[in-house]
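# Below are the sequence and a predicted model; questions follow.
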Amino acid sequence: MLHDFLTSNRNELIIRCKAKVAKRSPRAAAADNHGVPLFLSQLADTLYRERHTTAPRTTSTVATPASTEIGRAAALHGAELLRSGYSVDQVVHDYGDVCQAVTELAFEQKVLVTVNEFRTLNRCLDNAIADAVASFADGHNGASSDRADNVHKHESSTNEQRRLINVAIQTFSAIKTGKVGASGATGGVLVKTLSELRDLIN
């Protein structure tokens, strides 16, 4: 079971993810409380809940309590990376490292990961990347990470257009990395952003 694997190998996975970050960026800061360590705990919790529920599993991106917690933590992580001077690629790679570390270690230990567990892993990663990238893009415009309040905080239509264009560019950049698909949560943020931009122009 992937939940048990994540729980028993949590420290090793964190070490591997940190090593991947350090290899890409020697100046990288130590992982914060909203990054990989918290994501691994929330992912394990999500897997545990799904394993012990009688409700049918789905690949839908509809928010559940667990995915909402992951999204909030990812938004904080995206904002912290922005303040540390990182690019949107770093935000995406941070979460991509988790998937790579999990699959590598599972292969080494000959741990079987079921299709449903792998779908849950990918869904949680996609949700985390979507919220982190959106928060990251909002931060570039000096806005709050709470996207629902941003419309009220911008004083002009021009500023709101700039914000939406920036979010669209950043989410598309995340999709281009290949770490997330266009049909997932990150793609959903892009579609929603373009729709808001169209409505604003109209």
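Structure's in. What do you need?
# helix or strand right after the worst-scoring helix or strand of the chain on mean pLDDT?
Ranked by mean pLDDT, DSSP states H and E, the weakest helix or strand in the chain is helix 147-153, scoring a mean of 50. Sequence order places helix 157-176 as the next helix or strand after helix 147-153, per DSSP states H and E.
# Give me the next element, helix or strand, following that following helix.
helix 185-201.
# For that following helix, which helices and strands make contact with it?
helix 115-140, helix 157-176 (3 or more CB pairs under 8 Å, 6 or more residues apart in numbering; DSSP states H and E). Yep, even glycine has a C-beta here, placed from its N, CA and C like the rest.
# Need the winner for burial among those.
Mean neighbour count, computed with mean count of other CB atoms under 10 Å, is highest for helix 115-140 among the helices and strands packed on helix 185-201, reaching a mean of 23.
# Show me what that one is packed up against.
The contact analysis (3+ CB pairs under 8 Å, 6+ apart) places helix 115-140 against helix 2-8, helix 36-51, helix 65-83, helix 88-108, helix 147-153, helix 157-176, helix 185-201.
# returning to that earlier point: okay, the helices and strands packed on helix 185-201 in JSON lines with mean pLDDT and distance to Ser84 next?
Converted to JSON lines, these look like this (pLDDT from 0 to 100; distance: least, CB to CB, whole Å):
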{"stretch": "helix 115-140", "mean pLDDT": "80", "distance to Ser84": "11"}
{"stretch": "helix 157-176", "mean pLDDT": "80", "distance to Ser84": "16"}
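# so which of the ones you listed comes closest to Leu194?
Across the helices and strands packed on helix 185-201, Leu194 has its closest neighbour in helix 157-176 (5.8 Å, CB to CB).
# For the closest one, what is the distance to the chain centroid?
Here helix 157-176 is found 17 Å from its chain centre; the criterion is CA atoms, centre = their mean, to the nearest Å.
# for stretch 1-12, same thing?
Distance, stretch centre to chain centre, for stretch 1-12: 20 Å (CA atoms, centre = their mean).
# tell me the average confidence for that stretch?
Mean pLDDT, computed over stretch 1-12, is 90.
# Give me the residues contacting that stretch.
Outside stretch 1-12, the residues that touch it by CB atoms under 8 Å, 6 or more residues apart in numbering are 13, 37, 40-41, 43-44, 47-48, 51, 102, 105-106, 109, 111, 113-114, 117-118, 120-121.
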